[in-house]
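**Q** Pasted the sequence and its predicted model underneath.
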Amino acid sequence: MAKIHFDEERAAFTPILAMEEASRCLLCLDAPCSKMCPAGTDPAQFIRSLRFKNVKGAAKTIRENNPLGGVCARVCPTEHYCEQGCSRSGIDRPIDIARLQRYATDMEAAFGLELVKPGPSNGKKVAVVGGGPAGLTAAAMLARSGCQVTVFEKQGKAGGYCRYGIPSYRLPEAVLDQEIAHIEALGVKISHFAPANEVDELRKHYDAVVVADGLGEAKTLPLFEDNPYTMTAIDFLAKAKQGEIPDVRHVLVIGGGDVAMDVATTCKKAGIEQVSDVVYETLSEFKASKAELEGARNAGVSIYDGFVPSGVKKNVVTFLHRKAEITMTLEADLIVLAVGQQRLPSQLGEPTDRDNIFYCGDIVEGDKTVVCAVKTGKEAAARALAYLGGDQQ
Ligand SMILES: Cc1cc2nc3c(=O)[nH]c(=O)nc-3n(C[C@H](O)[C@H](O)[C@H](O)COP(=O)(O)OP(=O)(O)OC[C@H]3O[C@@H](n4cnc5c(N)ncnc54)[C@H](O)[C@@H]3O)c2cc1C
Ligand code: SF4
């Protein structure tokens, strides 16, 4: 097992580059980007602040809407959200909204600004199950509205897949730590190594409960059951976040989403000689974001599209093409399955609100992205507050 550390890969804007990028904004009257951020951030507003060198104002716009603004600035698939709406795309390329957001939130951290404050106490106690992006966001919004909030997190640190999944070359842990510190400064108490088992028990002791336990279990394929050469992408990436990379020559990744790209790119960055990614979809149907797919290709990952695994003998896998009569056989030292995640069985209830229990994050309908976890976390907090008789601040 090799020990590896990755630095953040994408360069930050310098102040001059940030001003130049903000100056590319066309100052649209009814800015389309402003309707496209799931977290409700208004990019047109913070870009305008940056143009007038008002970095604090820009950071405030972001922070008021999104307690994880610095995280989202690094991981949002912006081509589907804010940047998809950017009018500047019609001239040359969209404004790099995410990198401007990163600039504003980095400045906020550098100057130690505390831009949001807890509200006066409303005497209500709320429990949040799960300290991933959805639970953290709900907790922050509830604390800002005066609730006393405790987050129950089963792992040693909060952050969910932002901590234990997304590789550090895309999202450094220090950024997540900084944003969690802001949330704790609002008075949110995070209990670590504190799995919540039964929601009906919790709801007796709290005025409301928000449940955001995420999709913690990796899906597998029956063909690979009990295969000693196989592990799941979630296990692989959690180990990689600890710096542990298997000492092997050829890794075969099966799956075509962002998680598969993260595994494959991580392997290449760690110096693994051959990395093959076999994908069910053909290239035109790919699920991975453009940036992630490009990252994998640039790192030297060999991508085989349109194939389905049809047989496995030890570490030799045979694939059939979905649309052509092609059979392919690959032998690898390690096989990593990246075929999706599902919710772990629990007594936390079906993800539909009832009584004083409110659900959010990956477990509810919608995109499985950090910014959508922020969105649904805010919405669950608002529903809890309405139930408790207060307003979201
Ligand atoms: C490898 C990987 C890469 C990704 N890349 C991106 C990306 O680039 N961009 C993007 O937008 N999204 C990305 N995602 C998706 C994104 O991370 C998720 O959509 C988001 O984290 C969901 O947030 P959540 O709070 O609902 O759940 P999670 O992040 O899964 O957090 C759930 C939390 O609940 C805790 N928990 C579970 N059960 C209990 C219990 N019983 N008691 C107490 N605590 C409990 C867990 O320990 C965890 O901390 C990626 C996901 C993965 C796995
Ligand atoms: S949070 Fe994400 S989607 Fe929203 S403006 Fe920022 S980068 Fe764009």
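**A** Ah, there it is. This is a predicted model, so every value here is computed, not measured. Ligands and ions are numbered 1, 2, ... in the order given.

**Q** helix, strand or coil for the residue in the chain sticking out farthest from the centre?
**A** Computed with CA atoms, centre = their mean, the residue of the chain farthest from its C-alpha average is Glu325, at 37.8 Å. Following DSSP: H, G, I helix; E, B strand; the rest coil, the label given to Glu325 is coil.

**Q** per-residue confidence for it?
**A** At Glu325, the model reports a pLDDT of 94.

**Q** How about Ala291?
**A** Reported pLDDT for Ala291: 85.

**Q** Quick one: neighbours of Lys269, just the number.
**A** 19 (other CB atoms under 10 Å). Every C-beta, even on glycine, is put in place using the N, C-alpha and C of the backbone.

**Q** Same question for His192.
**A** Using other CB under 10 Å: His192 sits among 13 other residues.

**Q** residues in contact with it?
**A** Contacts for His192 (CB atoms under 8 Å, 6 or more residues apart in numbering) come out as 153, 155-158.

**Q** swap in Asp258?
**A** Asp258 neighbours (CB under 8 Å, 6+ apart): 77, 287-289, 292.

**Q** if we go to 10 Å?
**A** 75, 77, 165-166, 170, 287-289, 291-293, 295-296, 338, 368-369 (CB atoms under 10 Å, 6 or more residues apart in numbering).

**Q** Narrow the residues you listed to those in helices?
**A** 75, 291-293, 295-296 (DSSP state H).

**Q** Filter the residues you listed down to the buried ones.
**A** Buried subset of those (neighbour count, 16 or more other CB atoms under 10 Å): 75, 291-293, 295-296.

**Q** With respect to Ser23, which of those residues is nearest?
**A** Ala291 (23.9 Å; CB to CB).

**Q** Next SSE downstream of the worst-scoring helix or strand of the chain on mean pLDDT?
**A** Using mean pLDDT, DSSP states H and E, strand 2-3 stands out as the lowest-scoring helix or strand of the chain, at a mean of 61. Proceeding N to C from strand 2-3, the next assigned helix or strand is helix 15-23, under DSSP states H and E.

**Q** Is that next one positioned near ligand 2?
**A** No - judged by CB under 6 Å from any ligand atom, helix 15-23 stays clear of ligand 2, getting no closer than 13.4 Å.

**Q** So for that helix, mean pLDDT?
**A** Average pLDDT, helix 15-23: 96.

**Q** ok, and what's touching that helix?
**A** 11-14, 46-53, 55, 58, 95-97, 99-100, 102-104, 106-107.

**Q** Kindly recompute the last result at 7 Å.
**A** Residues outside helix 15-23 that contact it (CB atoms under 7 Å, 6 or more residues apart in numbering) are 13, 47, 50-51, 95-96, 100, 103.

**Q** what's the closest of these to ligand 2?
**A** Leu100 (8.8 Å; CB to the nearest ligand atom).

**Q** Let's see the PyMOL selection covering just the buried ones among the contacts of His192.
**A** PyMOL command restricting the contacts of His192 to the buried ones, with burial defined by 16+ other CB under 10 Å:
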select buried, resi 153+155+157+158
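
**Q** Which of the contacts of His192 fall in helices?
**A** Residues from these lying in helices, with DSSP H as the criterion: none.

**Q** Nearest to Lys241 among the contacts of Asp258?
**A** The nearest one, if we look at those relative to Lys241 and count by CB to CB, is Gly165, at 7.7 Å.

**Q** Then Gly311 would be within a strand, right?
**A** Yes - looking at Gly311 with three-state DSSP, it is inside a strand.

**Q** Ramachandran coordinates for the closest residue to it other than its chain neighbours?
**A** Of all residues not flanking Gly311 in the chain, Thr318 sits nearest, at 4.3 Å (CB to CB, 6 or more residues apart in numbering). Backbone torsions for Thr318, taken as degrees, to the nearest 10, come to phi -110, psi 140.

**Q** so how many other residues sit close to Thr318?
**A** Neighbours of Thr318 under the rule other CB under 10 Å: 15.

**Q** what's it in contact with, if anything?
**A** 310-311, 327, 329.

**Q** Apply 8 Å and report the result again.
**A** Here Thr318 is in contact with 309-312, 327-329 (CB under 8 Å, 6+ apart).

**Q** circling back to that earlier point, of the contacts of Asp258, closest to Val259?
**A** Once CB to CB is applied, the member of those that ends up nearest Val259 is Ala338, at 4.6 Å.

**Q** Outline the domain layout of this protein.
**A** The chain breaks down into these domains under automatic domain parsing: 9-110, 125-215+343-388, 218-341.

**Q** Now the terminal residues of the longest one, how far apart.
**A** As for domain 125-215+343-388, its first-to-last residue distance stands at 10 Å under the measure CA to CA, to the nearest Å.

**Q** same check, this time on the first one
**A** Its start and end residues considered, domain 9-110 measures 19 Å (CA to CA).

**Q** Next one: that domain, is it in contact with ligand 1?
**A** Yes - Domain 9-110 reaches ligand 1 (CB under 6 Å from any ligand atom) through 75-77.

**Q** out of those, who's nearest Gly130?
**A** Nearest to Gly130 among those, with distances taken as CB to CB, is Val75, at 18.1 Å.

**Q** what's the distance between the closest one and Phe286?
**A** Counting by CB to CB, to the nearest Å, the separation of Val75 from Phe286 is 18 Å.

**Q** Using CSV, list the CA coordinates for stretch 216-230.
**A** Written as CSV, here are the backbone C-alpha positions of stretch 216-230 (Å, rounded to 0.1, in the frame of the first residue of the first chain):
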residue,chain,number,x,y,z
GLY,A,216,-23.9,5.3,2.4
GLU,A,217,-23.8,1.8,0.8
ALA,A,218,-22.1,1.0,-2.5
LYS,A,219,-24.1,-0.9,-5.1
THR,A,220,-22.4,-4.0,-6.5
LEU,A,221,-22.9,-6.4,-9.5
PRO,A,222,-23.9,-10.1,-8.8
LEU,A,223,-21.1,-11.3,-11.1
PHE,A,224,-18.5,-9.9,-8.8
GLU,A,225,-19.9,-11.2,-5.5
ASP,A,226,-17.2,-12.6,-3.3
ASN,A,227,-14.5,-11.9,-5.9
PRO,A,228,-11.3,-11.3,-3.9
TYR,A,229,-9.9,-8.9,-6.6
THR,A,230,-12.9,-6.6,-6.3
